[in-house]
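In: Have a look; sequence and predicted model below, questions after that.
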Amino acid sequence: MAKIGYARVSTIDQKLGRQTEILNKFEVDKIYFEKVSGGKTNRPEFNKMMNELSQGDIVVVAELTRLSRSTSQLIAVCEEFKKREVQLISLKENIDTTTPSGRLMFGMLAVLAQFEREIIVERTKEGLAIAKQKGVRMGRPPVNNDRMDLAVELWASGRYTVSEITRKTGVTKAPLYREINRRELTREVAL
């Protein structure tokens, strides 16, 4: 069992000194230092820490915002900790999942995060319904038939790459391939 510290600041210009001092006072065994935004999914030191964590380890942070920028991302990280049987201590918020009260506090955060996700989904559905009532067409606009015919014709000639065809016609790859497959199926059924 090891106590692992994680310290992060959002920009290169910011200093890690305050967090490092707090974590060292807590007598962590190792500290992972990162200078990258918490909203980024690719955080090399964070990923390295996650790969090296073992069952029973305790991750210590100066405050929860060091782990993530959003509640839902924080919950996902903590759920991963739980799966791996890794505990979390956040010094600023007094959250310690090694204790019953810390687990309770974290459970309350999880409920709030789930509520937040459900509200966002509800608002999105309402917004789509209102837009639909107003006659707003959803999704990508349909591809012009003349352009699609030209794109298929160029493809069938075998003289152009798909990239060249998309540049010449404005028809993107996925719709082009779907149309080619649809026409081939239609031809096979007709035979």
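Out: Great, that's in hand. As the structure is a prediction and not an experimental result, all values here were calculated from the model. Numbers count the residues shown, from 1 in each chain.
In: pretty sure residue 5 is touching residue 58, no?
Out: No: contact criterion C-beta atoms under 8 Å: residue 5 and residue 58 do not qualify, at 9.7 Å. (Glycine included, C-beta is placed from N, CA and C.)
In: the more surrounded of those two?
Out: residue 5 (25 against 21; other C-beta atoms under 10 Å).
In: For the more buried one, give me phi and psi.
Out: Residue 5 has phi and psi values of phi -90, psi 150 when expressed as degrees, to the nearest 10.
In: got it, and residue 140?
Out: Torsion angles, degrees, to the nearest 10, at residue 140: phi -70, psi 150.
In: count of residues packed around it?
Out: Count around residue 140 with other C-beta under 10 Å applied: 9.
In: Tell me the secondary structure at the residue nearest the centre of the chain.
Out: The centroid of the chain falls nearest to residue 41 when counting by C-alpha atoms, centre = their mean (6.2 Å). When classified by DSSP: H, G, I helix; E, B strand; the rest coil, residue 41 comes out as coil.
In: Please report the distance of it from residue 124.
Out: 21 Å (C-beta to C-beta, to the nearest Å).
In: so where do the strands sit in the chain?
Out: With strands called from DSSP state E, the chain shows them at 3-9, 30-35, 58-61, 87-90, 95-96.
In: Nearest to residue 181, out of those?
Out: Ranking the strands of the chain by proximity to residue 181 (C-beta to C-beta) places strand 30-35 first, at 45.9 Å.
In: Can you give me the domain boundaries for this protein?
Out: The chain breaks down by automatic domain parsing into domains covering 3-112, 145-185.
In: For residue 108, grab the count of nearby residues.
Out: Residues near residue 108, counting by other C-beta under 10 Å: 10.
In: got a list of what it touches?
Out: Contacts here follow C-beta atoms under 8 Å, 6 or more residues apart in numbering; on that basis residue 108 touches nothing.
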